[in-house]
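Colleague: Show me the folded form of this:
(chains A, B, C and D)
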4 protein chains.
Amino acid sequence: MVDVFATPKLKRLYEAVHTFMESEIYPNEARWFRMPFREVEAELRGLRDKARATGAWNPPIAEAEGGAGLSLLEFGQLSELLGRSPFAHLAFNCQAPDAGNIELLLQHGNPAQRERFLTPLLNGDIRSCFAMTEPEFAGSNPIRMGTTAVKEGGEYVINGHKWFATAADGAAFSIVMANTNPEANSPYQRASMIIVPMDTPGFEIVRNIPIMGHTGEGWHSHAEIRLENVRVPQANLLGPEGGGFMLAQERLGPGRIHHCMRWIGICERAFHLMCQRAATREIAEGRKLGEQQMIQAMIAESRAQIDAARYLVLHTALKIDQAGQRAAAMDISTIKFFAANVLQQVVDRAIQVHGALGVTDDTILSFFYREERSARIYDGPDEAHKASLARKILKGYGLKVWRSKGH
Amino acid sequence: MVDVFATPKLKRLYEAVHTFMESEIYPNEARWFRMPFREVEAELRGLRDKARATGAWNPPIAEAEGGAGLSLLEFGQLSELLGRSPFAHLAFNCQAPDAGNIELLLQHGNPAQRERFLTPLLNGDIRSCFAMTEPEFAGSNPIRMGTTAVKEGGEYVINGHKWFATAADGAAFSIVMANTNPEANSPYQRASMIIVPMDTPGFEIVRNIPIMGHTGEGWHSHAEIRLENVRVPQANLLGPEGGGFMLAQERLGPGRIHHCMRWIGICERAFHLMCQRAATREIAEGRKLGEQQMIQAMIAESRAQIDAARYLVLHTALKIDQAGQRAAAMDISTIKFFAANVLQQVVDRAIQVHGALGVTDDTILSFFYREERSARIYDGPDEAHKASLARKILKGYGLKVWRSKGH
Amino acid sequence: MVDVFATPKLKRLYEAVHTFMESEIYPNEARWFRMPFREVEAELRGLRDKARATGAWNPPIAEAEGGAGLSLLEFGQLSELLGRSPFAHLAFNCQAPDAGNIELLLQHGNPAQRERFLTPLLNGDIRSCFAMTEPEFAGSNPIRMGTTAVKEGGEYVINGHKWFATAADGAAFSIVMANTNPEANSPYQRASMIIVPMDTPGFEIVRNIPIMGHTGEGWHSHAEIRLENVRVPQANLLGPEGGGFMLAQERLGPGRIHHCMRWIGICERAFHLMCQRAATREIAEGRKLGEQQMIQAMIAESRAQIDAARYLVLHTALKIDQAGQRAAAMDISTIKFFAANVLQQVVDRAIQVHGALGVTDDTILSFFYREERSARIYDGPDEAHKASLARKILKGYGLKVWRSKGH
Amino acid sequence: MVDVFATPKLKRLYEAVHTFMESEIYPNEARWFRMPFREVEAELRGLRDKARATGAWNPPIAEAEGGAGLSLLEFGQLSELLGRSPFAHLAFNCQAPDAGNIELLLQHGNPAQRERFLTPLLNGDIRSCFAMTEPEFAGSNPIRMGTTAVKEGGEYVINGHKWFATAADGAAFSIVMANTNPEANSPYQRASMIIVPMDTPGFEIVRNIPIMGHTGEGWHSHAEIRLENVRVPQANLLGPEGGGFMLAQERLGPGRIHHCMRWIGICERAFHLMCQRAATREIAEGRKLGEQQMIQAMIAESRAQIDAARYLVLHTALKIDQAGQRAAAMDISTIKFFAANVLQQVVDRAIQVHGALGVTDDTILSFFYREERSARIYDGPDEAHKASLARKILKGYGLKVWRSKGH
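Modeller: Just a heads-up that it's a prediction; the model follows:
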């Protein structure tokens, strides 16, 4: 927490969540890492009542909807705490991609959709996924998409090929991006979001994609999906037809800052381990690792970078709270690449300080190292965010730069 | 300014100072750079009434003492504006080293000292300097010092060799650090601060040190000084005898953050020039420099770094305002090395974007490049601040690291 | 190969090995990655005759000993080729740690040791391991060691705790470092190397250490080992008693450059994949990823770094060939940290250019990313090599810096 | 020198030049820095006989033309020595831009041009300059040029605006790039090189451009030039009409590597000063600066980078010697940006190690810091070389990337 941004409510929840993590999460972490992830999910569901008791269930969701009603600025500070363990967000029902799907359904779901899909999500009774990225098209250019949804007799018939559908394995439904209006003038108005139950015929998880040496399963997985003549009622359209791109933008903005907030937590965890190691590892009679200046440099640079990333993220959250996501577009791009790079560097240094131990699975560092290499890629690679930020800045200087030929 | 930190008073002064800079500073800058600095000082004195009229004269000094009464957080934001030109701080009487000397005299000056030295400083009628660093001793280890002040018949007799006494040329007096209590047990209680009028016999400016190709003069200079049997009344002792180190710490903390605040202003100026160039420079028929992704990367990375440095600096200012300098010691070390590195990198990129023009004196960039290379050195080199920060962090993990053998 | 360093013999072998890799290695690589490693080892043994037929079996070993008789400079260039696949060194019997053990036995093995241990190693009939590092002591300080070997009735009785014994799983014997002469004046003369068959009672592989998410097995493993009253004949002493440290230095020098040579191969593989992706991945209608300048920057910087690392490594090999390992001590330290960092950066960029595909196991990049994070740690972390290099340089300027208090 | 590349001839000259520098250059350097540069030039002319006596006069020029006849690989190693002082190249008549102009005249000068312009250049009796860059056009795109040369009655009438004509002040003639064939189909065949004596009416040095705080003069200057109806005989055309671009390429390739060779010398000088300071500066009782690990890291990283840059440069020289400049185009781009960055970083670290002393003019470091910031810009900025290198690499992967729209 940052003093000037710590509301009484946040302080209360922070304390309760901290206690929860000390008693329920950290002591089980090493064990959970050795278990099949499906079983971990079951255990985490068993902690649900304790998690609700903290008052922090569904932290960023309005109290009227059954959430904790935190502002983004408050949630950002709580997220840093949750981010310290890869299991904590799931325990509080604010994990990706469900958190984003919940937002979409809250904003755009009609009553029937809310009842059938949103309510069980908010209760943590089901999980969902989001199928947008396609292997054949660069993810950094979201308007190019091969999946189509054609209207036929009150239904959409969907065909396509998706991948990186996080947590599809075990999900109850997917929100699928598909071209419904290929004839629309603007490429930004061709796609729609459609809710597809996972058991719909023709909807096939081809595989959980092996990533960094692991296939993953359950919530901790990323699926490749084939849709072949998948038929869902037109009533499953989420938001306006042709509004998929707009909704995706709405969804990705908060999604990005949610990631950034979580990364600060990972950074703090790695930083803590690095300092602990430096302070206790003996390198010669009576001499500790942390007395070495090269180690000190890693610690100091990490501290500075983490603090810098934290303030950038929290001020962005504040701006979104006050002026909305669109007003903070440049800030969101900034934090996405800045924080992801800090994350990679801090985790890397923490490993280095641990020496051989750092590459083993005897600490959590190697998990972060592998798992979060994708931070600089998902939700837009560094390069896309840098280019986007610079283009917006240069527009203020009268230069209009197109993203690339063709649009 | 940062919305959440912008008080009504700050907004008012910011606006007034902005107008002042647009009308009095920027239009004269190129001309001033071609003039002997003594003449520039005279012109700036001529602007004093206009500067006072903005209400921002002596910005961080209490209103009761004739200042604008800004908090450090407010002053930080105003400093970013002043920092854009190397002449602006002088116009508002908040230049180093006078700003620091004013603080010292406000805190520790007795009535006679205040009348004789502080009042004319606050009025901008005289300038002062600060003589601490010695060529023979590493500046990063302030307790080692060769200058001595021996009491003899109501006077101190001072002998020593100093350098990097900023703005000594033309100053009315110097605050000199000298060992008065060599027998004190703690090396931190051996030195005292003594006020020495520049015209005291034996006090000699050996030379203005040539720095980055220029000897400098007047306010824009750094002197090497010899003190040979310099005699001043014991009444010129500032603060307690043996308290020099403590006072220096008090002085350097705010001094460091003042520099950081100013650097953000330099960064913004360089960033602005870089964007302007990128947006307008044609590299091929109908194609501007800013359309190149490598240029965009430089712009985006600079924007992120400047924002990061700004938030770090402003939150440090806030902490000092609320909890005092000592509570913010780690934050001050952090911003000192973080902001200085951002400064160097942003100015360097701005030069690169300007191509050959960037190394000429046709823009202000080459001045910043030369002048502020020392930012990573003065008031403690990067390495000292990193080591200091890490040691303090590791102390929290139970590791007590001494600075070096011998103390 | 580098023209000026390409001997006719090297050219011939390079060509033959290249053909072997195209026909036997690359086509099987993806399949092997999905197999248990023990089975891969069996398949590789099946390729042995074809490997021998290239003439490159045991590349750096003298022809008289059944090797290809390459100089280190020649082997360095061949290693770049072998390094492109993690399976190729094993196919040619020049994998770590056997290559180093072979060198030790060649230099210091008595006839009985050569017959029993060296001959089958050279034939690829058995594998071996090397047990030096201990979890309780910092690896960067090899003179601190807890393992002891006490003479008792013609035998050594060994007790200790080792880890990171690469490829212990399935090895026939281990070379174990143990303190035999604790009373020796110099800490550098206390340890000895002793050959211990893996089936000796009391020698226990506690576990294959899980590293970067995988436990490993067979050659692709790193064991934790307990030695409890392990008894071997004193005839198993390798080299002189108390000479363990000296032998380790002899072994590690070539070991380090062998790694560096292999890394250049990994870099080239990653670079090739990066360029291929950049040249073919469409990011917009008719526009390829490689047309983006930020991608071009990654390619150009990688090319420069790889070439730089290659020349550093080859010139070091040449110096060792001509003047011996000791003469090249500074060069070896230099390439160890320089090349390891280039490796990490090039692989990281290749992943970034691949986007989401880069973190999957659909390319080999994620394997290199995980597997070679330890390159900056094993055989001395970056920090140890930098400090060692600087100390040697500064000694030339009259400054004698000890490694740390106590020795 | 690098053992494997040190010919007997090089060793002999290297030794002689080393002695010359020890006796004639270093002892005068500080004094020369305080003198007007015109007077330094005069003193250097006075050393000419001694310089000739070393045998290294005009080092890369064929012996038949009055040079030392060094290969590029040999000259590269001698250049490192000369590069240590900014005055040494001039002493041996191999300074830019004359060295490049000599090459042009050797390759393309007709007998009359050789007699009038080349012979006195080779003798060091006159200096020359090269006027290509124009302030209105990006230097990284050499085919865009505003200067025109129109044929009129046996003469060329030249009009245009140039800048960064190095050493124009005091030169006897300039080689001027101008569009002579605006109608040519290929933009690469529109410009020609024309020899223009500096005293030709209409040829005006507008100013010596102030760079990094200094206006410069004589050889140490960069002029802005106006050409207004400058008339020279058509016989002053150098090489074929329309061949200016081709000649410029020929000239720039060696020019680039000459710079890189010189930079290694600067790096070694800075490295030497850095080590000397680290080894001798006391930071506490009995403790030297070089015992600090952060300083050691700077030393080790610098050593590695300098060695890497050296090998890259020397192998490029070797390739040019053996296969010609065109074959080494990618290598030249690589060394240009790689070595320039190493140069900047090494000088920067050397300053940092010197602390406050480092930014003064009491060492040569601040001169290198200012003077060579342009290394990353002149003869093509980093960005242009990186893009060029990557485009050539990607062409090998089937991707043809144009430099930019329009050509």
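Colleague: which ones are touching residue A:222?
Modeller: For residue A:222, the set of contacting residues under the criterion of C-beta atoms under 8 Å, 6 or more residues apart in numbering or on different chains consists of A:163-168, A:208-209, A:211, A:216. For the C-beta atoms, the positions are set from N, CA and C on the backbone; glycine is no exception.
Colleague: Can you pull out the low-pLDDT segments for the stretch 301-407 of chain A?
Modeller: Counting by pLDDT under 70, the stretch 301-407 of chain A has low-confidence residues at A:402-407.
Colleague: Which positions in it make contact with chain B?
Modeller: By the rule C-beta under 8 Å from any C-beta of the partner chain, the part of the stretch 301-407 of chain A lying against chain B is A:301, A:303-304, A:307-309, A:311-312, A:315, A:318-319, A:322, A:330-331, A:333-334, A:337-338, A:383, A:385-387, A:389-391, A:393-394, A:396-399, A:401.
Colleague: at 6 Å what do you get?
Modeller: Residues of the stretch 301-407 of chain A found near chain B (C-beta under 6 Å from any C-beta of the partner chain) are A:304, A:307-308, A:311-312, A:315, A:334, A:338, A:386-387, A:389-390, A:393-394, A:397-399, A:401.
Colleague: quick revisit: with neighbour count and secondary structure added, can I get the contacts of residue A:222 in a markdown table?
Modeller: Rendered in a markdown table, the data for these read as follows (neighbours: other C-beta atoms under 10 Å in any protein chain shown; DSSP: H, G, I helix; E, B strand; the rest coil):
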| residue | neighbour count | secondary structure |
| --- | --- | --- |
| A:163 | 24 | strand |
| A:164 | 26 | strand |
| A:165 | 26 | strand |
| A:166 | 22 | strand |
| A:167 | 26 | coil |
| A:168 | 27 | coil |
| A:208 | 20 | strand |
| A:209 | 22 | coil |
| A:211 | 22 | strand |
| A:216 | 19 | coil |
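Colleague: Report the buried members of the residues of the stretch 301-407 of chain A next to chain B.
Modeller: For those, a neighbour count by 16 or more other C-beta atoms under 10 Å in any protein chain shown gives the buried set as A:304, A:307-308, A:311-312, A:315, A:334, A:338, A:386-387, A:389-390, A:393-394, A:397, A:399, A:401.
Colleague: Near chain D, which residues of chain A are found?
Modeller: Taking C-beta under 6 Å from any C-beta as the measure of proximity, chain A contacts chain D at A:292-294, A:297.
Colleague: Make CSV out of the residues you listed and add secondary structure, neighbour count and pLDDT.
Modeller: Formatted as CSV, these follow (DSSP: H, G, I helix; E, B strand; the rest coil; neighbours: other C-beta atoms under 10 Å in any protein chain shown; pLDDT from 0 to 100):
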residue, secondary structure, neighbour count, pLDDT
A:292, coil, 23, 96
A:293, helix, 23, 97
A:294, helix, 21, 98
A:297, helix, 22, 98
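Colleague: Could you list which of those also contact chain B?
Modeller: Filtering these for proximity to chain B (criterion: C-beta under 6 Å from any C-beta) leaves A:293, A:297.
Colleague: Find the nearest non-adjacent residue to the closest residue to chain D within the stretch 1-150 of chain A, please.
Modeller: Ranking the residues of the stretch 1-150 of chain A by distance to chain D (C-beta to the nearest C-beta) places residue A:138 first, at 15.2 Å. Spatial nearest neighbour of residue A:138, excluding adjacent residues (C-beta to C-beta, 6 or more residues apart in numbering or on different chains): residue C:283 at 4.3 Å.
Colleague: out of the residues of chain A next to chain D, what pair is the most spread apart?
Modeller: A:292 and A:297 (9.2 Å; C-beta to C-beta).
Colleague: can you tell me which residues contact whatever residue of chain A ends up closest to chain D?
Modeller: Among all residues of chain A, residue A:293 sits closest to chain D, at 3.5 Å; criterion: C-beta to the nearest C-beta. Listed by C-beta atoms under 6 Å, 6 or more residues apart in numbering or on different chains, the contact partners of residue A:293 are B:387, D:292-294.
Colleague: Apart from its neighbours in sequence, what residue is nearest it?
Modeller: What sits nearest to residue A:293 in space, not counting adjacent residues and going by C-beta to C-beta, 6+ apart, is residue D:293, at 3.5 Å.
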